[in-house]
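K.L.:
Just the structure for this:
(3 chains)
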Amino acid sequence: MISLTTDFDDFYSGQMKGIIHKINSDAKIIDITHKIKRYSIYEAAYVISNSYAFFPNGTIHVVVVDPGVGSDRIPIVINFDGHIFVGPDNGIFSFFDGEVFKINLDILSQKSLKYGINSISNSFHGRDIFAPAAALLDIGIMDFLEKTNRHVKLPFKKEISENIALISILYVDSFGNIILNLKKEDVNIKGIEVFGVDIPVLTHYEEGNGLDLIALYSSSGHLEISKYLGDANSILKLESGDLLRINLKN
Amino acid sequence: MISLTTDFDDFYSGQMKGIIHKINSDAKIIDITHKIKRYSIYEAAYVISNSYAFFPNGTIHVVVVDPGVGSDRIPIVINFDGHIFVGPDNGIFSFFDGEVFKINLDILSQKSLKYGINSISNSFHGRDIFAPAAALLDIGIMDFLEKTNRHVKLPFKKEISENIALISILYVDSFGNIILNLKKEDVNIKGIEVFGVDIPVLTHYEEGNGLDLIALYSSSGHLEISKYLGDANSILKLESGDLLRINLKN
Amino acid sequence: MISLTTDFDDFYSGQMKGIIHKINSDAKIIDITHKIKRYSIYEAAYVISNSYAFFPNGTIHVVVVDPGVGSDRIPIVINFDGHIFVGPDNGIFSFFDGEVFKINLDILSQKSLKYGINSISNSFHGRDIFAPAAALLDIGIMDFLEKTNRHVKLPFKKEISENIALISILYVDSFGNIILNLKKEDVNIKGIEVFGVDIPVLTHYEEGNGLDLIALYSSSGHLEISKYLGDANSILKLESGDLLRINLKN
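P.N.:
Below you'll find the model as predicted:
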């Protein structure tokens, strides 16, 4: 099984699926999302780290958010926690401490050629490198992998000192919920203060009925700022990768 | 076969698909849409009632638009017209007069645990309850179902008196077509008047060439207000669940 | 295998998938995209011409962007380059010089009826004609096809005279890249001038770091105007089908 996570909210993801089926017409492809904010490697890193474990072991996860396509960032494959990850080495796999392999493009091209795939563009490696690599891995061909020690990691932040935390925004979802790099086990709090606004930590969305901003532990276990039947981020205007200073209330 | 209809225009629908495949790696999943307007139980009710019959008998339709997630609204399964519907009991299944079952969460959790699914969050029952329930039903496991008489229905309106109709808006599609809770068999009209504007009832979109607003019977059989190559709702600004008073012209 | 390309960013594409499965519950359906700009037959023509070859030979490509639905434009099937194309004859298949067939609706209806599909609406031929036609072709039923000489082609332009080119915009992608009807083999240039702005022709996106607009040959082989980590079209405001005069710089 192959999952796809990209910022190709467009026909580009369709071309990737076509290529995978050229190599294996029985391939099973599942979209995680193609709605990553364009170029946001921070969002991609959060989404895949928070999603892969809901898939069967052995799933091959292709993640392509690739602002540096055509530059010298390398194409990699990571083996982590029983799952395989395929994509550019630009930080999207920051949360995975696994075995890392570089994709040897000469060998990949040679293997792909047998399936009628015959060139690598400078601008669309999702289709020309990562989709064929995933499809080949899916049918057990892996001789284009070479061990490497390279592995770019993004500076996601979590600094907690007494009553202040300096943390990264992990993600803002399509409901406007803002997910923070802070878990229940990190702190024991009844509320937070952000930009001078007091925000209570509650248990479920509906408790926010009649209130303004609220916080609760999201389905990923992270603290999330929310607004009941509203859009918290229309007020706070944050995005994945931003740093936020919050006061912690016990 | 499992269909999905949600307001998760995001990676959340991807996680649901992952979970379904954890339980049954051969599952066949079809997206109806993940573009329901967020929190709009009215839209969801229309979309699933208007779409299910285009699927094979026996399809399991998961519908998750769930503003009350984590509250006391119950998770249900409905057996109606040869199809199975799974989702929260908040009105999204208003149009289905079938046999209703409550999902027993203790039994569901116990069954899901065998597939490595081991907790239910307060904020994402699409992934933690409805996806596993659908996947289990799809492989014939249904002992988590308990008969119930509960079934929330939304107040969709259709009051016709001589030349005036008071009706609910069912849906506004991505072309800006406004679909009304009024069918051909309800009235015999040549036109309608809405907000003082005369709108002729025509047969197909292209007859609206050169005209402003037009109406025709949509592919669901309902009267729909439209604008040829335009966006009728950029003028009328209506949404699913709104009430509209129209004058009927014979 | 059946691919889908439409402007139904909505549940309408879901209904098409349901119908296909009614005819063949084992059908394999791949979305190319449902994000074609609504009514843009120019975009659809580019997307399918640029995407089909990435799919396995024999794929049936359903393309539905259909502003004239219900009018006298005919439903067609084209056999071209080892692929099958199904959709309205309104120019979306402009780039395919293959054998063209008209769909005989009486025979199609009769064949579809066996699968419980029993009427053709005036407003949604994607679901009522093109989806069943593709599903039937996919299982080898093709007696609803009749040879025809009709085939609408759109006036995509490419006029090159010394240092000036008058060309059509093929597409603007979700990153704001503007794809021109001009290929590497058409011209030998170091830059272009558009609306008085000099734009260098480079090799990959990252070379545009620190620059404003750049051009490069896209993954489809066409010249594309781009902005590194930005949105070129937020400046130029072009769309598929527009004509553009550019000065060529050697």
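
K.L.:
how about stretch A:205-220, does it reach chain B?
P.N.:
Yes: under the criterion of C-beta under 8 Å from any C-beta of the partner chain, chain B is reached by stretch A:205-220 at A:205-206, A:216-219. All C-beta spots, glycine's among them, are computed from the backbone N, C-alpha and C.

K.L.:
Show me which of the residues you listed is closest to B:Asn188.
P.N.:
Checking these against B:Asn188 with C-beta to C-beta, the nearest one is A:Glu206 at 45.2 Å.

K.L.:
got the contact list for the closest one?
P.N.:
Counting by C-beta atoms under 8 Å, 6 or more residues apart in numbering or on different chains, A:Glu206 makes contact with A:228, B:67-71.

K.L.:
repeat that for 6 Å
P.N.:
If you count contacts by C-beta atoms under 6 Å, 6 or more residues apart in numbering or on different chains, A:Glu206 has them with B:68, B:71.

K.L.:
Ok, A:Tyr171 next?
P.N.:
A:43, A:46, A:179, A:240.

K.L.:
cool, A:Ala165 as well?
P.N.:
Taking C-beta under 6 Å, 6+ apart as the criterion, A:Ala165 is in contact with A:246, A:248.

K.L.:
Contact residues of chain A facing chain C?
P.N.:
Proximity of chain A to chain C, by C-beta under 6 Å from any C-beta of the partner chain, involves residues A:9-11, A:14-15, A:17-19, A:21-22, A:25, A:38-39, A:67-68, A:70-71, A:121-124.

K.L.:
State which one residue of chain A is found closest to chain C.
P.N.:
Closest contact between chain A and chain C, by C-beta to the nearest C-beta, is at A:Gly70 (2.9 Å).

K.L.:
Got phi/psi on A:Ser176?
P.N.:
Not Ser; residue A:176 is Gly. Dihedral pair for A:Gly176: phi 90, psi 10, per degrees, to the nearest 10.

K.L.:
actually A:Ile107, sorry about that
P.N.:
Torsion angles at A:Ile107 (phi, psi; degrees, to the nearest 10) stand at phi -70, psi -40.

K.L.:
What distance do you get for it to B:Ile139?
P.N.:
40 Å (C-beta to C-beta, to the nearest Å).

K.L.:
Repeat that for A:Tyr205.
P.N.:
Counting by C-beta to C-beta, the gap from A:Tyr205 to B:Ile139 is 31 Å.

K.L.:
Neighbour count for these two, which is higher?
P.N.:
The neighbour count for A:Tyr205 versus B:Ile139, taken as other C-beta atoms under 10 Å in any protein chain shown, is higher for A:Tyr205 (24 against 11).

K.L.:
And the pLDDT for that one?
P.N.:
pLDDT, A:Tyr205: 87.

K.L.:
so who does it touch?
P.N.:
Residues in contact with A:Tyr205 (C-beta under 6 Å, 6+ apart) are A:228, B:70.

K.L.:
now do the one 3 residues further on
P.N.:
Applying C-beta under 6 Å, 6+ apart to A:Gly208 gives the contacts A:214, A:228.

K.L.:
And it, its phi and psi?
P.N.:
Per-residue torsions, A:Gly208: phi -80, psi 0 (degrees, to the nearest 10).

K.L.:
related to what we said a few turns ago, show the buried residues in the contacts of A:Tyr171.
P.N.:
Neighbour-count burial (16 or more other C-beta atoms under 10 Å in any protein chain shown) is assigned, among these, to A:43, A:46, A:179, A:240.

K.L.:
Please report phi then psi for the last one.
P.N.:
So the one you mean is A:Ser240. Torsion angles at A:Ser240 (phi, psi; degrees, to the nearest 10) stand at phi -50, psi 130.

K.L.:
didn't it look like it was pressed against A:Tyr39?
P.N.:
No: with contact defined as C-beta atoms under 6 Å, A:Ser240 does not reach A:Tyr39; the gap is 10.9 Å.

K.L.:
Just give the nearest non-adjacent residue to the residue in chain A that chain B sits nearest to, would you?
P.N.:
Residue of chain A nearest chain B, by C-beta to the nearest C-beta: A:His204 (2.9 Å). Distance criterion C-beta to C-beta, 6 or more residues apart in numbering or on different chains; nearest residue to A:His204, sequence neighbours excluded, is B:Gly70 at 2.9 Å.

K.L.:
picking that back up, you'd agree the residue of chain A closest to chain C is up against C:His204?
P.N.:
Yes: using C-beta under 6 Å, A:Gly70 is in contact with C:His204, at 2.9 Å.

K.L.:
Overlap in contacts, the two.
P.N.:
Going by C-beta under 6 Å, 6+ apart, residues that sit against A:Gly70 and also against C:His204 are A:Asn122.

K.L.:
Grab the longest strand from chain A for me.
P.N.:
Using DSSP state E to define each element, chain A has its longest strand at strand A:164-172.

K.L.:
and that one, average pLDDT?
P.N.:
For strand A:164-172, the mean pLDDT works out to 97.

K.L.:
could I get that strand in PDB with only the CA atoms?
P.N.:
What follows is strand A:164-172, C-alpha atoms only, in PDB (Å, rounded to 0.1, in the frame of the first residue of the first chain):
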ATOM      1  CA  ILE A 164       6.300  30.100  30.100                       C
ATOM      2  CA  ALA A 165       6.600  28.000  27.100                       C
ATOM      3  CA  LEU A 166       8.200  28.800  23.800                       C
ATOM      4  CA  ILE A 167       6.900  26.400  21.200                       C
ATOM      5  CA  SER A 168       6.400  25.800  17.500                       C
ATOM      6  CA  ILE A 169       3.000  25.800  15.800                       C
ATOM      7  CA  LEU A 170       2.700  22.300  14.300                       C
ATOM      8  CA  TYR A 171      -0.300  22.800  12.100                       C
ATOM      9  CA  VAL A 172      -3.500  24.800  11.500                       C
END
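
K.L.:
Tell me which helix or strand comes right after that strand.
P.N.:
Sequence order places strand A:178-183 as the next helix or strand after strand A:164-172, per DSSP states H and E.

K.L.:
Mind listing the strands the longest strand of chain A pairs with, and their directions?
P.N.:
strand A:158-161 (antiparallel), strand A:178-183 (antiparallel), strand A:243-249 (antiparallel) (DSSP bridges).

K.L.:
Could you pull out the buried residues of it?
P.N.:
Result for strand A:164-172 [16+ other C-beta under 10 Å]: buried residues A:165, A:167-172.

K.L.:
Likewise for stretch A:17-31?
P.N.:
Neighbour-count burial for stretch A:17-31 flags A:17-24, A:27-31 (criterion: 16+ other C-beta under 10 Å).
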